[in-house]
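[1] Dropping a prediction and its sequence here:
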Amino acid sequence: MYDDNNRRVAQVTKADDFIVSSKLVSLLLTQLAENRHLHAVFADLFDPDGSEIYLKPAQNYLVPGAEANFATVVEAARRQGEIAIGYRLKRHSDRPPAYGVVLNPVRSAPLTLGAGDSVIVVSED
């Protein structure tokens with residue numbers, strides 16, 4: 001999305017994903033200024049043939065309804081060649097501003113994911 005003023009339109013449509021270009025570019029440049037080694041990571045993420053961010057069913061990583069923690073999710077993703085960066089709770093998917101998305105959660109905090117919840121991963125497929 002080119003204009004940040006249109007953000008409300010995207011929220012009304014309940015789109016799962018949209019990018020506000022000026023904000024993304026600002027955040028990207030800030031990260032690169034802080035750590036130039038991130039260039040390879042961003043190059044892979046923005047390359048059409050590189051890794052992408054996916055929402056995958058939580059049951060691929062945890063037993064639905066069983067208490068665990070995000071470290072368990074990270075390990076389960078690692079064993080599948082993925083990097084877990086967060087999760088999305090279906091029961092909060094209609095609540096702004098995050099719409100159920102939790103990024104970079106505390107790895108040791110108790111976590112229970114159920115049917116319809118997703119794990120956010122970086123993966124090549």
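    Cool, the structure landed.
[2] domain assignment for the protein?
    Following automatic domain parsing, one finds the domains of the chain at 1-49, 51-125.
[3] So which bits of stretch 87-95 are buried?
    Buried residues in stretch 87-95, counted by 16 or more other C-beta atoms under 10 Å: 87-89, 93. Heads up, the C-betas are built off the backbone N, CA and C, glycines and all.
[4] Next one: the residue lying closest to residue 112 once chain neighbours are set aside, what pLDDT does it get?
    What sits nearest to residue 112 in space, not counting adjacent residues and going by C-beta to C-beta, 6 or more residues apart in numbering, is residue 67, at 5.0 Å. If you check residue 67, the pLDDT there is 97.
[5] any idea how far residue 67 is from residue 111?
    7 Å (C-beta to C-beta, to the nearest Å).
[6] about what we covered before: now render the buried residues of stretch 87-95 as TSV, adding distance to residue 107, pLDDT and secondary structure.
    Formatted as TSV, the buried residues of stretch 87-95 follow (distance: C-beta to C-beta, whole Å; pLDDT from 0 to 100; DSSP: H, G, I helix; E, B strand; the rest coil):
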residue	distance to residue 107	pLDDT	secondary structure
87	12	98	strand
88	17	97	strand
89	17	97	coil
93	23	92	coil
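[7] This completes my enquiry, with thanks.
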